[in-house]
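Peer 1: Please find the sequence and the predicted model below.
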Amino acid sequence: MAKGDKNVEMITSRDVDFAQWYTDVVKKAGLVEYSSVKGCVILLPYGYAIWEMIKTELDARFKAVGNENVYFPMFIPESLLQREKDHIEGFAPEVAWVTHGGDEELEERLCIRPTSEVLFCEYFANAIQSHRDLPKKFNQWCSVVRWEKSTRPFLRTREFMWQEGHTAHATAEEADAFTLMMLHLYADFAENYLALPVLRGRKTEKEKFAGAKETLTIESMMHDGKALQTATSHNFGSDFAKAFDITYTDKENKLQHIHQTSWGLSTRLIGGIIMAHGDDNGLVLPPKIAPIQVVIIPIASHKEGVLDKAYELENTLSRHFRVKLDVSDRTPGWKYAEYEMKGVPIRLEIGPKDIEKGQCVLVLRDNGEKIVASLDNLVEEVQMRLYTIHKAIYEKARKNRENRTNTAFSIDELREKLDTAAGFVKAMWCGERTCEDAVKEQATATSRLMPFVSENIGDTCFVCGKPSDTLVVWGRAY
RNA sequence: CUGGGUGUAGCGUAGCUUGGUAGCGCGCCAGCAUGGGGUGCUGGAGGUCGGAGGUUCAAAUCCUCUCACCCAGACCA
(Lines give C-alpha, C1' and ligand atoms only; values in the text may rest on other atoms or scores of the structure.)
Protein backbone atom coordinates (compact mmCIF):
# COMPACT_ATOMS: atom_id res chain seq x y z
CA MET A 1 0.00 0.00 0.00
CA ALA A 2 1.36 3.34 -1.02
CA LYS A 3 -0.52 5.19 1.66
CA GLY A 4 0.91 5.39 5.13
CA ASP A 5 4.27 6.75 4.11
CA LYS A 6 2.71 10.11 3.39
CA ASN A 7 1.80 12.62 6.03
CA VAL A 8 -1.81 11.69 5.80
CA GLU A 9 -4.16 11.56 8.70
CA MET A 10 -5.22 7.95 8.83
CA ILE A 11 -8.05 6.44 10.73
CA THR A 12 -7.22 4.03 13.51
CA SER A 13 -7.50 0.40 12.49
CA ARG A 14 -10.55 -1.50 13.72
CA ASP A 15 -8.36 -4.18 15.20
CA VAL A 16 -6.20 -1.75 17.12
CA ASP A 17 -8.95 0.19 18.86
CA PHE A 18 -12.52 -0.28 17.69
CA ALA A 19 -13.89 2.62 19.73
CA GLN A 20 -11.30 4.99 18.32
CA TRP A 21 -11.91 3.67 14.81
CA TYR A 22 -15.59 4.44 15.25
CA THR A 23 -14.94 8.00 16.38
CA ASP A 24 -12.46 8.56 13.53
CA VAL A 25 -14.91 7.35 10.91
CA VAL A 26 -17.82 9.34 12.26
CA LYS A 27 -15.77 12.52 12.17
CA LYS A 28 -13.77 12.02 9.00
CA ALA A 29 -16.74 10.86 6.96
CA GLY A 30 -18.35 14.17 7.91
CA LEU A 31 -21.34 12.68 9.72
CA VAL A 32 -21.27 14.67 12.93
CA GLU A 33 -19.42 17.46 14.68
CA TYR A 34 -19.22 17.91 18.41
CA SER A 35 -20.99 20.95 19.76
CA SER A 36 -20.44 22.97 22.90
CA VAL A 37 -23.50 21.27 24.37
CA LYS A 38 -22.19 18.33 26.32
CA GLY A 39 -23.53 15.02 25.14
CA CYS A 40 -25.14 16.49 22.06
CA VAL A 41 -23.76 16.51 18.52
CA ILE A 42 -24.35 18.40 15.32
CA LEU A 43 -25.65 16.18 12.54
CA LEU A 44 -23.82 17.41 9.43
CA PRO A 45 -25.31 17.27 5.91
CA TYR A 46 -23.88 13.87 5.04
CA GLY A 47 -24.94 12.30 8.34
CA TYR A 48 -28.35 13.88 8.16
CA ALA A 49 -28.76 12.69 4.57
CA ILE A 50 -28.38 9.11 5.77
CA TRP A 51 -31.06 9.72 8.38
CA GLU A 52 -33.30 11.21 5.71
CA MET A 53 -32.87 8.12 3.55
CA ILE A 54 -33.86 5.92 6.48
CA LYS A 55 -36.74 8.19 7.37
CA THR A 56 -38.18 8.39 3.87
CA GLU A 57 -38.25 4.64 3.38
CA LEU A 58 -39.56 3.81 6.84
CA ASP A 59 -42.19 6.51 6.69
CA ALA A 60 -43.60 5.00 3.50
CA ARG A 61 -43.61 1.56 5.06
CA PHE A 62 -45.39 2.83 8.19
CA LYS A 63 -48.06 4.51 6.11
CA ALA A 64 -48.53 1.40 4.02
CA VAL A 65 -49.78 -0.40 7.12
CA GLY A 66 -52.14 2.37 8.16
CA ASN A 67 -50.06 4.60 10.40
CA GLU A 68 -50.56 8.37 10.34
CA ASN A 69 -48.01 11.00 11.32
CA VAL A 70 -48.70 13.41 14.17
CA TYR A 71 -46.76 15.75 16.40
CA PHE A 72 -47.13 15.97 20.16
CA PRO A 73 -45.53 18.47 22.57
CA MET A 74 -41.97 18.02 23.77
CA PHE A 75 -42.89 18.88 27.39
CA ILE A 76 -44.62 16.59 29.83
CA PRO A 77 -46.02 17.84 33.16
CA GLU A 78 -44.58 15.89 36.08
CA SER A 79 -47.97 14.72 37.32
CA LEU A 80 -48.77 13.21 33.95
CA LEU A 81 -45.47 11.37 33.75
CA GLN A 82 -46.20 9.78 37.12
CA ARG A 83 -49.50 8.20 36.14
CA GLU A 84 -48.01 4.82 35.28
CA LYS A 85 -45.78 3.53 38.07
CA ASP A 86 -43.37 1.23 36.21
CA HIS A 87 -42.99 3.77 33.46
CA ILE A 88 -41.90 6.65 35.68
CA GLU A 89 -39.60 4.36 37.66
CA GLY A 90 -37.90 3.33 34.47
CA PHE A 91 -37.34 6.80 33.10
CA ALA A 92 -37.12 9.15 36.10
CA PRO A 93 -33.34 8.87 36.57
CA GLU A 94 -32.55 10.13 33.08
CA VAL A 95 -35.14 12.84 32.63
CA ALA A 96 -34.31 16.52 32.07
CA TRP A 97 -36.54 19.05 33.80
CA VAL A 98 -37.71 22.54 32.96
CA THR A 99 -38.38 24.53 36.11
CA HIS A 100 -38.56 28.08 34.81
CA GLY A 101 -40.21 29.88 31.93
CA GLY A 102 -38.54 33.23 31.49
CA ASP A 103 -37.97 34.51 35.01
CA GLU A 104 -41.09 32.83 36.32
CA GLU A 105 -40.85 29.64 38.35
CA LEU A 106 -43.30 27.06 37.07
CA GLU A 107 -46.00 25.80 39.43
CA GLU A 108 -45.39 22.33 38.10
CA ARG A 109 -42.12 21.44 36.48
CA LEU A 110 -42.10 19.99 32.98
CA CYS A 111 -39.94 17.17 31.80
CA ILE A 112 -38.53 17.13 28.31
CA ARG A 113 -39.94 13.96 26.77
CA PRO A 114 -37.73 10.90 27.09
CA THR A 115 -40.53 9.13 25.17
CA SER A 116 -44.14 10.15 24.71
CA GLU A 117 -46.36 7.30 25.92
CA VAL A 118 -48.11 9.36 28.56
CA LEU A 119 -48.99 12.20 26.19
CA PHE A 120 -50.49 9.78 23.70
CA CYS A 121 -52.37 8.03 26.50
CA GLU A 122 -53.84 11.27 27.72
CA TYR A 123 -54.97 12.08 24.20
CA PHE A 124 -56.37 8.59 23.60
CA ALA A 125 -58.40 8.84 26.83
CA ASN A 126 -60.22 11.84 25.39
CA ALA A 127 -60.39 10.87 21.76
CA ILE A 128 -61.55 7.29 22.10
CA GLN A 129 -65.14 6.68 23.14
CA SER A 130 -66.53 4.08 20.82
CA HIS A 131 -65.28 0.99 19.02
CA ARG A 132 -65.77 3.16 15.93
CA ASP A 133 -62.83 5.31 17.10
CA LEU A 134 -60.49 2.35 16.89
CA PRO A 135 -57.91 1.55 15.89
CA LYS A 136 -55.71 4.62 16.13
CA LYS A 137 -52.28 4.25 14.57
CA PHE A 138 -50.05 7.25 15.17
CA ASN A 139 -46.40 7.87 14.56
CA GLN A 140 -44.22 10.87 15.20
CA TRP A 141 -40.74 11.84 14.02
CA CYS A 142 -39.10 13.91 16.71
CA SER A 143 -36.19 14.12 19.09
CA VAL A 144 -36.20 13.02 22.70
CA VAL A 145 -33.90 13.71 25.64
CA ARG A 146 -32.35 11.24 28.04
CA TRP A 147 -29.74 12.59 30.40
CA GLU A 148 -27.02 9.99 29.92
CA LYS A 149 -23.79 10.14 31.86
CA SER A 150 -21.52 9.08 29.05
CA THR A 151 -22.14 9.70 25.39
CA ARG A 152 -20.94 8.67 21.93
CA PRO A 153 -22.10 9.98 18.55
CA PHE A 154 -25.21 8.13 17.33
CA LEU A 155 -24.89 5.39 19.92
CA ARG A 156 -25.68 7.48 22.94
CA THR A 157 -26.35 11.20 22.97
CA ARG A 158 -28.48 13.19 25.35
CA GLU A 159 -30.75 14.34 22.60
CA PHE A 160 -31.41 11.97 19.73
CA MET A 161 -33.79 11.74 16.83
CA TRP A 162 -36.15 8.88 16.37
CA GLN A 163 -39.64 7.91 15.46
CA GLU A 164 -42.12 6.63 17.99
CA GLY A 165 -45.29 4.87 16.96
CA HIS A 166 -48.26 4.68 19.32
CA THR A 167 -51.32 2.65 18.51
CA ALA A 168 -54.61 1.87 20.22
CA HIS A 169 -56.60 -1.27 19.46
CA ALA A 170 -59.92 -2.77 20.48
CA THR A 171 -58.68 -6.23 21.27
CA ALA A 172 -55.64 -7.88 22.75
CA GLU A 173 -55.33 -10.08 19.67
CA GLU A 174 -55.16 -7.07 17.40
CA ALA A 175 -52.52 -5.38 19.57
CA ASP A 176 -50.50 -8.61 19.75
CA ALA A 177 -50.58 -8.97 16.00
CA PHE A 178 -49.69 -5.34 15.40
CA THR A 179 -46.72 -5.44 17.78
CA LEU A 180 -45.39 -8.44 15.92
CA MET A 181 -46.07 -6.96 12.51
CA MET A 182 -44.16 -3.78 13.31
CA LEU A 183 -41.20 -5.80 14.54
CA HIS A 184 -41.14 -7.73 11.30
CA LEU A 185 -41.44 -4.48 9.40
CA TYR A 186 -38.30 -3.21 11.15
CA ALA A 187 -36.51 -6.50 10.60
CA ASP A 188 -37.32 -6.53 6.92
CA PHE A 189 -36.18 -2.95 6.61
CA ALA A 190 -32.91 -3.70 8.40
CA GLU A 191 -32.12 -6.74 6.29
CA ASN A 192 -33.35 -5.73 2.87
CA TYR A 193 -32.60 -2.05 3.04
CA LEU A 194 -29.63 -1.70 5.37
CA ALA A 195 -28.09 -5.10 4.67
CA LEU A 196 -28.05 -5.62 8.42
CA PRO A 197 -28.85 -9.18 9.50
CA VAL A 198 -30.94 -9.24 12.67
CA LEU A 199 -32.14 -11.71 15.28
CA ARG A 200 -35.83 -11.39 16.15
CA GLY A 201 -37.21 -12.20 19.54
CA ARG A 202 -38.60 -11.15 22.91
CA LYS A 203 -36.93 -9.30 25.73
CA THR A 204 -36.85 -10.84 29.19
CA GLU A 205 -38.86 -9.30 32.03
CA LYS A 206 -35.71 -7.55 33.26
CA GLU A 207 -34.82 -6.00 29.90
CA LYS A 208 -38.25 -5.03 28.64
CA PHE A 209 -39.51 -1.46 28.28
CA ALA A 210 -40.69 0.26 31.46
CA GLY A 211 -44.43 -0.34 31.67
CA ALA A 212 -44.71 -2.81 28.80
CA LYS A 213 -46.36 -6.21 28.98
CA GLU A 214 -43.98 -7.48 26.35
CA THR A 215 -41.07 -6.04 24.36
CA LEU A 216 -40.09 -7.48 21.00
CA THR A 217 -36.66 -6.62 19.66
CA ILE A 218 -34.33 -7.02 16.75
CA GLU A 219 -30.66 -7.29 17.64
CA SER A 220 -27.72 -7.12 15.34
CA MET A 221 -24.05 -7.81 15.83
CA MET A 222 -21.32 -5.29 15.22
CA HIS A 223 -17.93 -6.06 13.72
CA ASP A 224 -16.36 -6.28 17.18
CA GLY A 225 -18.92 -8.82 18.32
CA LYS A 226 -20.94 -6.52 20.53
CA ALA A 227 -24.70 -6.42 20.25
CA LEU A 228 -26.82 -3.48 19.22
CA GLN A 229 -30.55 -3.26 19.77
CA THR A 230 -31.69 -2.08 16.37
CA ALA A 231 -35.38 -1.47 16.98
CA THR A 232 -38.08 -2.43 19.46
CA SER A 233 -41.81 -3.00 19.37
CA HIS A 234 -43.71 -2.97 22.66
CA ASN A 235 -47.03 -4.48 23.57
CA PHE A 236 -48.62 -2.61 26.48
CA GLY A 237 -51.71 -4.75 26.80
CA SER A 238 -54.18 -2.73 28.89
CA ASP A 239 -51.80 -1.55 31.61
CA PHE A 240 -51.49 2.01 30.37
CA ALA A 241 -55.18 2.02 29.48
CA LYS A 242 -55.99 1.20 33.09
CA ALA A 243 -53.63 3.80 34.51
CA PHE A 244 -54.99 6.46 32.16
CA ASP A 245 -58.56 5.22 32.13
CA ILE A 246 -58.74 4.78 28.37
CA THR A 247 -61.99 2.99 27.63
CA TYR A 248 -64.41 2.54 24.76
CA THR A 249 -67.90 1.12 24.41
CA ASP A 250 -67.93 -2.02 22.32
CA LYS A 251 -70.59 -3.35 19.95
CA GLU A 252 -72.37 -5.08 22.85
CA ASN A 253 -72.51 -1.75 24.67
CA LYS A 254 -69.94 -2.92 27.23
CA LEU A 255 -67.13 -0.70 28.51
CA GLN A 256 -63.67 -2.04 27.55
CA HIS A 257 -60.08 -0.96 28.06
CA ILE A 258 -58.11 -0.41 24.89
CA HIS A 259 -54.93 -2.34 24.04
CA GLN A 260 -51.84 -0.40 23.04
CA THR A 261 -48.51 -0.77 21.29
CA SER A 262 -45.52 1.47 20.78
CA TRP A 263 -42.46 0.97 18.61
CA GLY A 264 -39.39 2.97 17.81
CA LEU A 265 -36.15 3.26 15.94
CA SER A 266 -33.55 5.98 16.37
CA THR A 267 -30.51 7.59 14.77
CA ARG A 268 -28.61 5.01 16.80
CA LEU A 269 -29.21 2.74 13.87
CA ILE A 270 -26.70 4.83 11.92
CA GLY A 271 -24.10 3.83 14.50
CA GLY A 272 -25.11 0.25 13.79
CA ILE A 273 -24.62 0.65 10.07
CA ILE A 274 -21.18 2.14 10.65
CA MET A 275 -20.06 -0.58 13.05
CA ALA A 276 -21.54 -3.50 11.13
CA HIS A 277 -20.29 -2.65 7.64
CA GLY A 278 -17.39 -0.19 8.00
CA ASP A 279 -13.75 -1.11 7.44
CA ASP A 280 -10.29 0.40 7.89
CA ASN A 281 -10.84 2.73 4.93
CA GLY A 282 -13.98 4.18 6.50
CA LEU A 283 -17.69 3.82 6.02
CA VAL A 284 -19.27 1.19 3.83
CA LEU A 285 -22.83 2.26 3.15
CA PRO A 286 -25.56 -0.11 2.05
CA PRO A 287 -26.41 0.94 -1.55
CA LYS A 288 -30.07 1.54 -0.83
CA ILE A 289 -29.44 4.23 1.79
CA ALA A 290 -26.21 5.69 0.47
CA PRO A 291 -26.86 9.41 -0.19
CA ILE A 292 -24.37 9.06 -3.04
CA GLN A 293 -24.51 5.71 -4.83
CA VAL A 294 -22.05 6.49 -7.59
CA VAL A 295 -19.31 9.10 -7.48
CA ILE A 296 -17.78 10.08 -10.80
CA ILE A 297 -14.11 11.05 -10.75
CA PRO A 298 -12.79 12.61 -13.96
CA ILE A 299 -9.11 11.95 -14.58
CA ALA A 300 -6.97 14.68 -16.19
CA SER A 301 -10.08 16.76 -16.53
CA HIS A 302 -8.21 19.57 -18.32
CA LYS A 303 -7.75 17.29 -21.30
CA GLU A 304 -9.99 17.59 -24.29
CA GLY A 305 -13.36 15.86 -23.91
CA VAL A 306 -12.93 14.46 -20.39
CA LEU A 307 -15.25 16.85 -18.59
CA ASP A 308 -17.84 16.67 -21.36
CA LYS A 309 -17.89 12.92 -21.05
CA ALA A 310 -18.09 13.11 -17.25
CA TYR A 311 -21.09 15.44 -17.40
CA GLU A 312 -22.70 13.20 -19.96
CA LEU A 313 -22.29 10.18 -17.69
CA GLU A 314 -23.65 12.13 -14.76
CA ASN A 315 -26.70 12.96 -16.80
CA THR A 316 -27.37 9.43 -17.86
CA LEU A 317 -26.77 7.84 -14.48
CA SER A 318 -28.71 10.47 -12.53
CA ARG A 319 -31.88 9.24 -14.12
CA HIS A 320 -31.46 5.97 -12.24
CA PHE A 321 -29.15 6.54 -9.28
CA ARG A 322 -28.01 9.10 -6.76
CA VAL A 323 -24.88 10.41 -8.46
CA LYS A 324 -22.19 12.93 -7.64
CA LEU A 325 -19.68 14.23 -10.12
CA ASP A 326 -16.63 15.68 -8.37
CA VAL A 327 -15.02 18.30 -10.59
CA SER A 328 -13.09 19.96 -7.77
CA ASP A 329 -9.37 20.50 -8.25
CA ARG A 330 -8.40 17.82 -5.73
CA THR A 331 -6.22 15.10 -7.15
CA PRO A 332 -7.80 11.77 -8.09
CA GLY A 333 -6.04 9.99 -5.24
CA TRP A 334 -7.43 12.40 -2.72
CA LYS A 335 -10.91 11.89 -4.05
CA TYR A 336 -10.59 8.11 -3.96
CA ALA A 337 -9.72 8.21 -0.29
CA GLU A 338 -12.39 10.78 0.48
CA TYR A 339 -15.30 8.88 -1.05
CA GLU A 340 -14.10 5.62 0.38
CA MET A 341 -14.18 7.29 3.77
CA LYS A 342 -17.73 8.34 3.03
CA GLY A 343 -18.69 4.80 2.07
CA VAL A 344 -19.91 5.52 -1.47
CA PRO A 345 -20.71 2.07 -2.95
CA ILE A 346 -19.35 2.63 -6.47
CA ARG A 347 -16.64 4.91 -7.80
CA LEU A 348 -16.58 5.59 -11.50
CA GLU A 349 -13.30 6.77 -13.02
CA ILE A 350 -13.33 8.30 -16.47
CA GLY A 351 -10.16 9.53 -18.18
CA PRO A 352 -8.70 10.10 -21.66
CA LYS A 353 -7.67 6.47 -22.10
CA ASP A 354 -11.16 5.26 -21.21
CA ILE A 355 -12.87 7.62 -23.58
CA GLU A 356 -10.71 6.37 -26.43
CA LYS A 357 -11.85 2.83 -25.73
CA GLY A 358 -15.47 3.66 -24.94
CA GLN A 359 -15.20 2.41 -21.37
CA CYS A 360 -14.82 3.50 -17.75
CA VAL A 361 -13.50 1.97 -14.55
CA LEU A 362 -15.83 1.01 -11.72
CA VAL A 363 -14.41 0.40 -8.26
CA LEU A 364 -16.57 -1.36 -5.68
CA ARG A 365 -16.34 -0.01 -2.16
CA ASP A 366 -16.97 -3.23 -0.29
CA ASN A 367 -14.10 -5.28 -1.73
CA GLY A 368 -12.05 -2.82 -3.79
CA GLU A 369 -12.63 -4.74 -7.00
CA LYS A 370 -11.89 -2.81 -10.19
CA ILE A 371 -14.07 -3.42 -13.21
CA VAL A 372 -13.56 -2.12 -16.70
CA ALA A 373 -17.07 -1.41 -17.91
CA SER A 374 -18.35 -0.56 -21.35
CA LEU A 375 -20.16 2.75 -21.62
CA ASP A 376 -22.82 1.10 -23.75
CA ASN A 377 -24.70 -0.72 -20.99
CA LEU A 378 -23.47 1.25 -18.00
CA VAL A 379 -26.84 1.66 -16.31
CA GLU A 380 -27.44 -2.09 -16.24
CA GLU A 381 -23.90 -2.71 -15.03
CA VAL A 382 -24.22 -0.23 -12.15
CA GLN A 383 -27.66 -1.56 -11.23
CA MET A 384 -26.28 -5.06 -11.02
CA ARG A 385 -23.23 -4.03 -9.02
CA LEU A 386 -25.28 -2.11 -6.45
CA TYR A 387 -27.39 -5.19 -5.97
CA THR A 388 -24.40 -7.49 -5.50
CA ILE A 389 -22.78 -5.07 -3.05
CA HIS A 390 -25.92 -5.18 -0.93
CA LYS A 391 -25.87 -8.96 -0.93
CA ALA A 392 -22.15 -9.15 -0.24
CA ILE A 393 -22.12 -6.86 2.79
CA TYR A 394 -25.20 -8.56 4.21
CA GLU A 395 -23.50 -11.92 3.85
CA LYS A 396 -20.30 -10.62 5.41
CA ALA A 397 -22.15 -9.33 8.45
CA ARG A 398 -24.13 -12.56 8.73
CA LYS A 399 -20.97 -14.66 8.63
CA ASN A 400 -19.37 -12.51 11.29
CA ARG A 401 -22.41 -13.20 13.48
CA GLU A 402 -22.33 -16.93 12.78
CA ASN A 403 -18.63 -17.15 13.55
CA ARG A 404 -19.10 -15.32 16.81
CA THR A 405 -22.11 -17.23 18.06
CA ASN A 406 -21.48 -19.97 20.62
CA THR A 407 -23.36 -22.02 23.16
CA ALA A 408 -22.65 -22.27 26.87
CA PHE A 409 -23.70 -24.57 29.71
CA SER A 410 -22.34 -22.59 32.64
CA ILE A 411 -21.67 -18.97 33.52
CA ASP A 412 -17.93 -19.59 33.45
CA GLU A 413 -18.19 -20.98 29.98
CA LEU A 414 -20.30 -18.05 28.84
CA ARG A 415 -17.86 -15.55 30.27
CA GLU A 416 -14.93 -17.31 28.66
CA LYS A 417 -16.65 -17.38 25.27
CA LEU A 418 -17.44 -13.69 25.48
CA ASP A 419 -13.96 -12.81 26.66
CA THR A 420 -12.25 -14.69 23.87
CA ALA A 421 -14.60 -14.56 20.89
CA ALA A 422 -17.03 -11.81 21.90
CA GLY A 423 -20.36 -12.12 20.15
CA PHE A 424 -23.53 -13.96 21.08
CA VAL A 425 -23.81 -16.93 23.38
CA LYS A 426 -26.87 -19.17 23.40
CA ALA A 427 -27.83 -20.81 26.67
CA MET A 428 -30.94 -22.28 28.28
CA TRP A 429 -32.46 -20.22 31.07
CA CYS A 430 -35.06 -21.02 33.71
CA GLY A 431 -36.75 -17.64 33.60
CA GLU A 432 -35.70 -16.54 37.10
CA ARG A 433 -34.46 -13.02 37.59
CA THR A 434 -31.81 -14.15 40.07
CA CYS A 435 -30.15 -16.27 37.39
CA GLU A 436 -30.21 -13.40 34.92
CA ASP A 437 -28.69 -11.08 37.54
CA ALA A 438 -25.98 -13.63 38.23
CA VAL A 439 -24.98 -13.62 34.56
CA LYS A 440 -24.72 -9.87 34.58
CA GLU A 441 -22.62 -9.87 37.73
CA GLN A 442 -20.31 -12.74 36.95
CA ALA A 443 -19.99 -12.37 33.17
CA THR A 444 -20.94 -8.71 32.59
CA ALA A 445 -23.37 -9.89 29.94
CA THR A 446 -27.05 -9.23 29.46
CA SER A 447 -29.80 -11.21 27.85
CA ARG A 448 -30.28 -9.84 24.38
CA LEU A 449 -33.40 -11.74 23.45
CA MET A 450 -35.38 -14.96 23.50
CA PRO A 451 -35.46 -15.78 19.79
CA PHE A 452 -38.76 -16.49 18.07
CA VAL A 453 -37.11 -19.45 16.44
CA SER A 454 -35.72 -21.52 19.28
CA GLU A 455 -33.34 -24.45 19.17
CA ASN A 456 -32.94 -27.50 21.31
CA ILE A 457 -29.56 -27.19 22.98
CA GLY A 458 -30.53 -28.61 26.38
CA ASP A 459 -33.26 -28.70 28.98
CA THR A 460 -31.76 -27.20 32.12
CA CYS A 461 -30.92 -23.63 33.15
CA PHE A 462 -27.23 -22.98 32.62
CA VAL A 463 -27.08 -21.04 35.87
CA CYS A 464 -29.12 -22.96 38.43
CA GLY A 465 -29.67 -26.29 36.67
CA LYS A 466 -33.45 -26.29 37.05
CA PRO A 467 -35.56 -27.55 34.14
CA SER A 468 -35.81 -25.00 31.37
CA ASP A 469 -37.22 -24.74 27.89
CA THR A 470 -36.28 -21.13 27.19
CA LEU A 471 -33.35 -20.34 24.96
CA VAL A 472 -31.73 -16.96 25.55
CA VAL A 473 -29.13 -15.20 23.43
CA TRP A 474 -26.65 -13.40 25.69
CA GLY A 475 -24.12 -10.77 24.80
CA ARG A 476 -22.44 -7.53 25.62
CA ALA A 477 -24.23 -4.56 24.19
CA TYR A 478 -23.69 -0.98 23.15
C1' C B 1 -21.34 9.59 40.50
C1' U B 2 -15.88 6.63 41.60
C1' G B 3 -10.71 6.10 39.75
C1' G B 4 -6.94 7.84 36.04
C1' G B 5 -5.50 11.51 32.32
C1' U B 6 -5.43 15.93 29.18
C1' G B 7 -6.24 21.26 27.90
C1' U B 8 -0.89 25.60 23.42
C1' A B 9 -3.81 28.09 15.52
C1' G B 10 -9.34 24.45 12.42
C1' C B 11 -6.74 19.45 13.79
C1' G B 12 -2.28 16.91 15.88
C1' U B 13 1.67 18.54 18.84
C1' A B 14 7.03 20.80 20.86
C1' G B 15 8.27 24.06 24.70
C1' C B 16 6.97 23.54 31.11
C1' U B 17 11.68 20.14 35.34
C1' U B 18 16.18 24.84 35.06
C1' G B 19 10.39 31.77 34.12
C1' G B 20 12.78 36.08 29.43
C1' U B 21 6.89 36.88 25.81
C1' A B 22 5.68 30.56 21.09
C1' G B 23 8.05 26.42 17.19
C1' C B 24 6.71 22.25 13.91
C1' G B 25 3.38 18.90 10.86
C1' C B 26 -1.46 18.59 8.59
C1' G B 27 -5.18 21.73 6.93
C1' C B 28 -6.26 26.80 4.85
C1' C B 29 -5.19 31.02 0.92
C1' A B 30 -2.41 32.57 -3.87
C1' G B 31 0.51 31.10 -8.11
C1' C B 32 2.95 27.62 -11.40
C1' A B 33 3.56 22.71 -12.79
C1' U B 34 0.93 18.04 -12.21
C1' G B 35 -3.36 14.72 -12.71
C1' G B 36 -5.21 6.45 -13.36
C1' G B 37 -4.38 5.90 -5.10
C1' G B 38 -4.34 11.37 -0.10
C1' U B 39 0.91 15.28 -6.18
C1' G B 40 5.25 18.75 -6.14
C1' C B 41 7.51 23.51 -5.68
C1' U B 42 7.23 28.76 -4.24
C1' G B 43 5.00 32.52 -1.44
C1' G B 44 1.30 33.84 2.46
C1' A B 45 -2.53 34.20 6.56
C1' G B 46 -3.60 32.31 11.35
C1' G B 47 -2.21 31.44 18.30
C1' U B 48 -0.63 34.70 22.94
C1' C B 49 -0.84 29.04 25.46
C1' G B 50 -9.08 26.39 28.74
C1' G B 51 -10.72 30.41 32.53
C1' A B 52 -9.92 33.47 37.08
C1' G B 53 -6.65 35.02 40.71
C1' G B 54 -1.66 35.13 42.86
C1' U B 55 4.06 35.28 43.08
C1' U B 56 7.71 38.11 39.97
C1' C B 57 10.95 43.48 36.74
C1' A B 58 9.04 39.36 33.65
C1' A B 59 4.47 33.48 33.54
C1' A B 60 2.54 28.71 28.38
C1' U B 61 6.27 27.56 32.25
C1' C B 62 5.75 28.35 39.55
C1' C B 63 1.25 28.49 43.29
C1' U B 64 -4.26 28.50 44.33
C1' C B 65 -9.07 27.96 42.65
C1' U B 66 -12.25 26.81 38.64
C1' C B 67 -14.22 24.95 33.96
C1' A B 68 -14.21 21.57 30.03
C1' C B 69 -13.10 17.21 27.64
C1' C B 70 -11.06 12.05 27.22
C1' C B 71 -10.25 6.82 29.08
C1' A B 72 -11.84 2.72 32.58
C1' G B 73 -16.20 1.43 35.86
C1' A B 74 -21.67 2.05 37.46
C1' C B 75 -26.46 3.72 34.47
C1' C B 76 -28.63 3.49 29.62
C1' A B 77 -31.90 3.24 22.90
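Peer 2: Structure's in. What do you need? Numbers count the residues shown, from 1 in each chain, chains lettered A, B, ... in the order given.
Peer 1: what residues are up against A:Lys342?
Peer 2: A:Lys342 is in contact with A:29-30, A:46, A:282-283, A:285, A:292, counting by C-beta atoms under 8 Å, 6 or more residues apart in numbering. Using the backbone N, CA and C atoms, a C-beta is placed for each residue, glycine as well.
Peer 1: swap in A:Thr215?
Peer 2: Taking C-beta under 8 Å, 6+ apart, we find A:Thr215 in contact with A:202-203, A:207-209, A:232-235.
Peer 1: would you turn those residues into CSV with distance to A:Tyr387, secondary structure and pLDDT?
Peer 2: CSV is the format used below for the contacts of A:Thr215 (distance: C-beta to C-beta, whole Å; DSSP: H, G, I helix; E, B strand; the rest coil; pLDDT from 0 to 100):
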residue, distance to A:Tyr387, secondary structure, pLDDT
A:Arg202, 33, strand, 96
A:Lys203, 34, coil, 96
A:Glu207, 36, coil, 93
A:Lys208, 38, coil, 93
A:Phe209, 36, coil, 92
A:Thr232, 30, strand, 96
A:Ser233, 29, strand, 97
A:His234, 34, strand, 97
A:Asn235, 36, strand, 97
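Peer 1: Output these as JSON lines; include the columns neighbour count and distance to RNA strand B.
Peer 2: Compiled in JSON lines, the contacts of A:Thr215 are given as follows (neighbours: other C-beta atoms under 10 Å; distance: C-beta to the nearest atom of the strand, whole Å):
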{"residue": "A:Arg202", "neighbour count": "20", "distance to RNA strand B": "14"}
{"residue": "A:Lys203", "neighbour count": "22", "distance to RNA strand B": "10"}
{"residue": "A:Glu207", "neighbour count": "17", "distance to RNA strand B": "8"}
{"residue": "A:Lys208", "neighbour count": "20", "distance to RNA strand B": "9"}
{"residue": "A:Phe209", "neighbour count": "24", "distance to RNA strand B": "7"}
{"residue": "A:Thr232", "neighbour count": "23", "distance to RNA strand B": "7"}
{"residue": "A:Ser233", "neighbour count": "28", "distance to RNA strand B": "12"}
{"residue": "A:His234", "neighbour count": "27", "distance to RNA strand B": "10"}
{"residue": "A:Asn235", "neighbour count": "28", "distance to RNA strand B": "16"}
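Peer 1: of the residues you listed, closest to A:Leu414?
Peer 2: A:Glu207 (16.4 Å; C-beta to C-beta).
Peer 1: How about the contacts made by that closest one?
Peer 2: Contacts for A:Glu207 were tallied using C-beta under 8 Å, 6+ apart; they are A:215, A:446-447.
Peer 1: any idea how far it is from A:Thr115?
Peer 2: Distance, A:Glu207 to A:Thr115, using C-beta to C-beta, to the nearest Å: 16 Å.
Peer 1: Which members of the contacts of A:Glu207 occur in helices, if any?
Peer 2: In helices, defined here by DSSP state H, there are no members of these.
Peer 1: In JSON lines, list those residues along with pLDDT and distance to RNA strand B.
Peer 2: Output for these, formatted as JSON lines (pLDDT from 0 to 100; distance: C-beta to the nearest atom of the strand, whole Å):
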{"residue": "A:Thr215", "pLDDT": "96", "distance to RNA strand B": "9"}
{"residue": "A:Thr446", "pLDDT": "93", "distance to RNA strand B": "8"}
{"residue": "A:Ser447", "pLDDT": "94", "distance to RNA strand B": "12"}
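Peer 1: Mark which of those are part of strands, please.
Peer 2: With DSSP state E as the criterion, strands contain A:215, A:446-447 from among the contacts of A:Glu207.
Peer 1: Now flag whichever of those is closest to A:Ala422.
Peer 2: Nearest to A:Ala422 among the ones in strands among the contacts of A:Glu207, with distances taken as C-beta to C-beta, is A:Thr446, at 13.9 Å.
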